[in-house]
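[1] After the sequence you'll find the predicted model.
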Amino acid sequence: MKRLWSWAAIIAGSLYFLLPLIGTVEFSLRMRRGEYSLDAYRSVLADPNFRDTFGYSIVMALLTIVLGVLIVVPTAYWVRLRLPRLRPVIEFITLLPLVIPAIVVVFGYIRLYNTSSVLPLTGTAGGTNLLLLCGYATLALPYMYRAVDTGLSTLDVRSLTEAAQSLGAGWVRIIGRLILPNVLGAVMSGAFLSFAIVIGEFTMAALLNRPAFGPYMQLLGANRAYEPAALAVIAFAATWGCMGLMQLISRLLGVRKTAK
């Protein structure tokens with residue numbers, strides 16, 4: 001009986017996720033009246049704004065992952081090694097982006113870094129891109145920190161650190177050559193979530209007026225019928241393809257390090 005309920009839950013969950021996707025795919029093929037066609041996909045792929053915005057968001061997603069790793073891995077490692085009593089405080093801080101809406105964060109950026117402030121980052125494209133990158137890293141912080149912290153919980157951080165220090169390793173080498181490879185799976189879990197968040201994020205990119213994929217999807221959805229469905233399918237496939245490529249690269253790096 002328990003197995004039957006387990007299979008029923010799996011089937012119900014699968015239908016919950018697959019039926020909307022199947023419906024979206026089916027609708028995206030109905031652009032030509034009376035028959036199925038790929039006209040909507042051709043229209044989307046031929047649009048230069050699609051390539052520009054999707055490429056921009058992919059680059060921002062990768063930079064967000066790099067920034068998140070540079071911030072979170074040393075912080076989580078140091079908290080577990082030296083400041084274990086502060087773990088609840090750090091966890092609370094990392095969960096704040098789930099409570100504070102993105103629109104509040106981006107309006108704070110605009111007020112603090114507008115063209116009349118001491119640091120007018122919104123006055124240039126590069127400065128605005130930097131603000132958006134920081135905003136994306138903030139949104140992804142809860143997921144990246146929890147993933148890395150869970151990975152570190154499986155390690156004896158203190159013993160590994162003492163062994164590395166006895167061999168003459170410095171802090172940078174300990175984190176880069178010892179800690180990071182051992183939590184690479186956890187880092188990739190956080191990276192997948194960060195990537196998915198950045199690809200579809202709308203609020204920050206729209207208010208900072210950056211050519212990201214989220215605002216493009218909203219604009220297309222407001223003015224077209226079948227192309228938004230095709231765009232959703234393309235974005236779904238491309239996002240999972242990019243995450244699969246990241247997983248493949250991480251596995252290849254792991255195999256290479258094991259071989260050495």
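    Now that the structure is in, tell me what you want to look at.
[2] can you list the weak-confidence ranges in the stretch 151-260 of the chain?
    250, 253-260 (pLDDT under 70).
[3] residue ranges for the helices of it, please.
    Under the criterion DSSP state H, counting those that start in this stretch, the stretch 151-260 of the chain contains helices at 157-166, 171-173, 180-182, 184-200, 203-207, 213-223, 227-259.
[4] Looking at the ones you listed, which is nearest to residue 126?
    Closest to residue 126 of the helices of the stretch 151-260 of the chain is helix 203-207 (C-beta to C-beta; 15.5 Å). C-beta coordinates here come from the backbone N, C-alpha and C atoms, glycine included.
[5] Take the closest one, keep the C-alpha atoms, and write them as PDB.
    The C-alpha trace of helix 203-207 is given here as PDB (Å, rounded to 0.1, in the frame of the first residue of the first chain):
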ATOM      1  CA  THR A 203      12.400  43.300 -11.700                       C
ATOM      2  CA  MET A 204      16.000  44.300 -11.200                       C
ATOM      3  CA  ALA A 205      16.800  44.200 -14.900                       C
ATOM      4  CA  ALA A 206      13.800  46.200 -15.900                       C
ATOM      5  CA  LEU A 207      14.200  48.900 -13.300                       C
END
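[6] In TSV, list the helices of the stretch 151-260 of the chain along with distance to residue 34 and mean neighbour count.
    Listed next are those as TSV, based on distance: least, C-beta to C-beta, whole Å; neighbours: other C-beta atoms under 10 Å:
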stretch	distance to residue 34	mean neighbour count
helix 157-166	64	14
helix 171-173	65	12
helix 180-182	56	15
helix 184-200	33	21
helix 203-207	37	21
helix 213-223	24	17
helix 227-259	18	15
